[in-house]
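Colleague: could you work out the structure for the sequence below:
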Amino acid sequence: TPVFNNTEANGSLLVLKSVSGPKGFELTDDQKQAIVFTVSDSSGVIIASFTYKNMLDQSGVTLPDGSVVQVTYEKGGVKLSNLTPGIYTVSENVDQAKDVAGYAHTTRVTVDGKEETTNSGTVKVESAKDASIAFKNSYAQASVELNGTKTIDGNTPKDQEFAFSLYEASKNERSGDFEPGKHIQTVRNNGEGNFSFSTITYSKEGTYYYFILEEDPSRDAKGQDTGIKKNTQKYLVTVVVQKNNDGSLTAEASSYQEMASITTNGKSTKPSNTAAFMNTTEKSLGSLSLSAKKELIGRDLKAGEFTF
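Modeller: I've put the predicted structure just below:
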């Protein structure tokens, strides 16, 4: 009597990985090596482990002794074949991958067309079928653009007429006062009376302080009097950088505080959403030169005889 032994055909699992970031962003080899993946079966036993660098180099996948799993490299990922049908969990070691190169890190995993913000996912490997899971890491920096406005005697100034400087600022913990630090940039107003500094990027959460002040306009480049009063306004700008639940960063210039309204504990009674500088011109009354002539009838004038 013939005996038929039916065995279920094994399946395969393709693990894909992509990395995105701002222009010029690139992970170093050490950072690629620090992103570690593990593949576990339904019992929690690790059947394979490898790094992002292993994926790119197409070598170095670690298998346990006696493993029958076959490894190939396809589409920039690792394909594990000859897997017993069942549920498998693929995890990325997010602790190694986050904050790489000072960038906020977000991991998204796509299984069966569904994307979630997480560092692991479960996949069902079926008999004689190919399953896949895709990891997408996004690296980003939060940024802000600090700005201000300018008027002179209530009117819009000429294009490029006034200069404004941005400085780092720090809080003196003993006195509570804010002190200027490193000069960052000097810019000029446009024809609409607005000015803005280059974008500032952040890689870590926290609170950052800056000073914005106007360069002295009372003298021109040749040292001549311009007739414009020097503006002593100085703004303290507070930027708050927060980390979101998905690992990304958000930066916001929470307030522009005119220094005249800042108390010694750093609080302001007049916060605003921009730095508004207002200048006035000196009012000149002009000058007048008067002259006269004295005549005396009957004799000549003596020097110093009369006063006027």
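
Colleague: next, the buried residues of the helix or strand F195 falls within.
Modeller: Element membership for F195 (DSSP states H and E) is strand 194-196. Within strand 194-196, the residues scored as buried using 16 or more other Cβ atoms under 10 Å are F195. C-beta coordinates here come from the backbone N, C-alpha and C atoms, glycine included.

Colleague: just checking, next helix/strand downstream of it?
Modeller: strand 200-202.

Colleague: which secondary structure elements does that following strand sit against?
Modeller: strand 142-144, strand 234-243, strand 249-258 (3 or more Cβ pairs under 8 Å, 6 or more residues apart in numbering; DSSP states H and E).

Colleague: show me what the second one is packed up against.
Modeller: Okay, so that is strand 234-243. strand 200-202, strand 206-214, strand 249-258.

Colleague: want to throw those into CSV with mean pLDDT and mean neighbour count?
Modeller: Converted to CSV, these look like this (pLDDT from 0 to 100; neighbours: other Cβ atoms under 10 Å):
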stretch, mean pLDDT, mean neighbour count
strand 200-202, 86, 18
strand 206-214, 93, 19
strand 249-258, 87, 18
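
Colleague: Serialize these to CSV and add fields for distance to I133.
Modeller: Below are these laid out as CSV (distance: least, Cβ to Cβ, whole Å):
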stretch, distance to I133
strand 200-202, 32
strand 206-214, 35
strand 249-258, 27
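
Colleague: so which of the ones you listed gets nearest V78?
Modeller: Nearest of the helices and strands packed on strand 234-243 to V78, taken as Cβ to Cβ: strand 249-258 at 30.5 Å.

Colleague: that older thread, minimum distance to L14: which of the helices and strands packed on strand 234-243 has it?
Modeller: L14 sits nearest to strand 249-258 of all these, at 31.7 Å, using Cβ to Cβ.

Colleague: report the inter-axis angle for the closest one versus strand 206-214.
Modeller: Compare the direction of strand 249-258 with that of strand 206-214 by axes from the mean of the first three to the mean of the last three Cα atoms, to 10 degrees and you get 40 degrees.
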